[in-house]
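Chemist: Have a look at this prediction, sequence included:
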Amino acid sequence: MAFCSDIGILASRGALMLSVLLATAFLARQLWGWVADRIGGLNTVLAGSACQVLGMAGFLMTQDEAGLFLVAAAYGLGFSGIVPAYVLTVRELFPAREAAWRVPVLLFCSLGGMAAGAWLAGFLYDRFGSYAIAWEVGIAFNLANLALVGTLALRQGPRLRPALA
């Protein structure tokens, strides 16, 4: 909403864009579950992270209202499947008896990272007076994540599997 206000779009339209993002994320969560059933958690994390990077880049490339609605929906698509896919990845790669401590640590780190990212974006905006730098830093962190997850996925090899019954 603040981003929209800063580029001359009404805050109410920004709130609507946020609603579109969240609605898309809510609906896409089912799609990501279907994808994860077929390609596994780690490859789903990789795909969701790639979609998220593209969505973030879209925020840098458009400043008009219609474009931002489209980008908000695209970002919601990528954003929605990542955390559940991380949990699925833990379950796929580690014994079930370790889930009781691995999943909470994973959720703490991922949600802490999201919170720190939002704080960092606000800090960068206050320092530079532009959201562009915040988006660029977010993209850089997501590209680093893609490199790490991509390396793990390559080490694991292809994981296409039939849908679970």
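Modeler: Sure thing, it's come through.

Chemist: quick one: secondary structure of residue 123?
Modeler: When classified by DSSP: H, G, I helix; E, B strand; the rest coil, residue 123 comes out as helix.

Chemist: can you count the residues close to it?
Modeler: 11 (other Cβ atoms under 10 Å). In short, each C-beta sits where N, CA and C put it, glycine included.

Chemist: Pull up the gap between it and residue 109, please.
Modeler: 20 Å (Cβ to Cβ, to the nearest Å).

Chemist: would you list every one of the helices in this structure?
Modeler: Here the chain has its helices, by DSSP state H, at 2-6, 11-39, 41-61, 65-79, 82-93, 99-128, 131-156.

Chemist: Pull out the buried residues from stretch 58-78.
Modeler: Buried residues in stretch 58-78, counted by 16 or more other Cβ atoms under 10 Å: 58-59, 65, 68-78.

Chemist: which among those gets closest to residue 153?
Modeler: residue 78 (16.3 Å; Cβ to Cβ).

Chemist: Can you give me the pLDDT of the closest one?
Modeler: Confidence at residue 78, expressed as pLDDT, is 84.

Chemist: which one is it nearest to, not counting chain neighbours?
Modeler: residue 51 (2.9 Å; Cβ to Cβ, 6 or more residues apart in numbering).

Chemist: Which pLDDT value goes with that neighbour?
Modeler: Value for residue 51, per-residue pLDDT: 90.

Chemist: mind listing what the residue most central in space within the chain touches?
Modeler: Centroid check for the chain by Cα atoms, centre = their mean gives residue 79 as the closest residue, at 3.1 Å. When the contact criterion is Cβ atoms under 8 Å, 6 or more residues apart in numbering, the partners of residue 79 are 21, 25, 48, 52, 55.
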